[in-house]
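Enquirer: I'll drop the sequence and a predicted model, then ask my questions.
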Amino acid sequence: MKKVMLCVVLACARTYAIAQPVVQQTTIEERVDSEELSFRVIREVADLEHPWGLAFLPDGSLLITERPGRLYRFTGDEIHRIENLPTIRAFGQGGLLDVAVHPAFSDNQLIYISYAADYEGGIGTRVARARLENDRLEDVTVIFEMDPPTRRSGVHFGSRFAFDSDGYLFVTLGERGQRYLSQELNTHHGKVVRLYDDGRVPEDNPFVGQGDAHPEIYTYGHRNQQGMVYDSETGLLWTHEHGPRGGDTLNVIRSGLNYGWPLATHGEEYRGGRIGTLPERLEHVVDPIVHWTPSIAPSGMSMYRGDLFPEWSGNFLIGALVQQHLRRVVTDGEQVVHQEELLRNRIGRIREVATDSDGYIWLLTDAPNGGLYRILPLAKE
């Protein structure tokens, strides 16, 4: 009897063992023809559990987050797990989210992670900074946390990072399903915050010294932003965010502005019925650059500035979760002039899009067995 019970216990242990991602360099698409060029798609890593964020180290290796709370470094040949992460709460849409590398990483070895955490009786999005040494995080320090945390809700944590040319760190924060808090300046719900790289508040943030407003706030009136890009050539900070049923938006982020949620939207309730009024009807609300209705569920975003795909220079590449494609968005200044769908239903829900210093395009797909993919150009015929 004891032997049988032991076998059952061992079987259960095997069943619930954490699956390890594997390097699996396989051509998924031999040729994909877009309007401007042709490319192929290689899967570099398989069996990633709900991968979420991606960042590049100066040595060419990649950092990859998994939402359940694991961080990996991929060298191109091997994948290594990073140790000594803070305590992460994997709950609903929350868990380990984005990762970013400090602009001066070669000198200071600093990286940043955003994640869901338990504190003060609720769950909120935190940002931690740490030194990456020998595949281990050292001197892990929480430099920001959403105030207040939210009880019970497992939705809309955000969260993306961007550094601008002055070294400021921008972080997007979802409204955690409490939509009305997006318009309140005494909470971090539904906001973009701007920080110094150590978490201090810049003195020229728009709401510093204004009553009980949180001084970290840079913009407000957001729902759940999961894409952010700073374009150093134009100095513009762009984000996109999820609408409910329709009303996903692309925006240029400017200090102190209100982006409307939930007062003015292009979205509808899931049960039917418009949410708020149209953005153009409220003077104090920013009109989106473009909105996607029905929803594409955008997540991840890169502005292509590499040399491998010159035809796409200056184009946005945006992942779509629900519609399962890579969307190429062409802009002229601050206007969208053309869009193209790529890889529709070919690799799954695209969670993250990033471009490395060599010009390769990388994708993460959101699934229990998600993957890391690389897009390579085909030689012109």
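Expert: Nice, thanks for sending it over.

Enquirer: What is the burial count for the nearest residue to Leu278 once chain neighbours are set aside?
Expert: Of all residues not flanking Leu278 in the chain, Ala264 sits nearest, at 6.2 Å (C-beta to C-beta, 6 or more residues apart in numbering). All C-beta spots, glycine's among them, are computed from the backbone N, C-alpha and C. Neighbours of Ala264 under the rule other C-beta atoms under 10 Å: 22.

Enquirer: Quickly note the distance from Ala264 to Pro148.
Expert: Look at Ala264 and Pro148: by C-beta to C-beta, to the nearest Å, they are 25 Å apart.

Enquirer: ok so, going back, test my guess that the residue nearest to Leu278 contacts Pro279.
Expert: Yes. When contacts are counted by C-beta atoms under 8 Å, Ala264 is listed as touching Pro279 (4.2 Å).

Enquirer: what is in contact with those two at once?
Expert: Val285 (C-beta atoms under 8 Å, 6 or more residues apart in numbering).

Enquirer: Quick one: find the helix or strand in the chain with the lowest mean pLDDT.
Expert: helix 2-15 (a mean of 38; mean pLDDT, DSSP states H and E).

Enquirer: Can you show me the helices along the stretch 51-200 of the chain?
Expert: Assigned by DSSP state H, counting those that start in this stretch, the stretch 51-200 of the chain shows helices spanning 105-108.

Enquirer: hang on, the earlier thing: and the gap between the residue nearest to Leu278 and Leu110?
Expert: In terms of C-beta to C-beta, Ala264 sits 39 Å off from Leu110.

Enquirer: Kindly report the same for Gly124.
Expert: Taking C-beta to C-beta as the criterion, Gly124 is separated from Leu110 by 22 Å.

Enquirer: what does Gly122 give?
Expert: Gly122 is 28 Å from Leu110, where distance means C-beta to C-beta.

Enquirer: do the same with Gln183
Expert: The value you get for Gln183 to Leu110, if C-beta to C-beta is used, is 34 Å.

Enquirer: cool, and Phe316?
Expert: For Phe316, the distance to Leu110 - C-beta to C-beta - is 28 Å.

Enquirer: Which one of those two is surrounded by more residues?
Expert: Legend: neighbour count by other C-beta under 10 Å for Phe316 and Leu110, higher for Phe316 (24 against 19).

Enquirer: Might you report the residue contacts of the more buried one?
Expert: Counting by C-beta under 8 Å, 6+ apart, Phe316 makes contact with Val229, Trp238, Leu250, Met301, Ser302, Met303, Tyr304, Arg327, Arg328, Val329, Val330, Thr331.

Enquirer: Alright, calling it a day.
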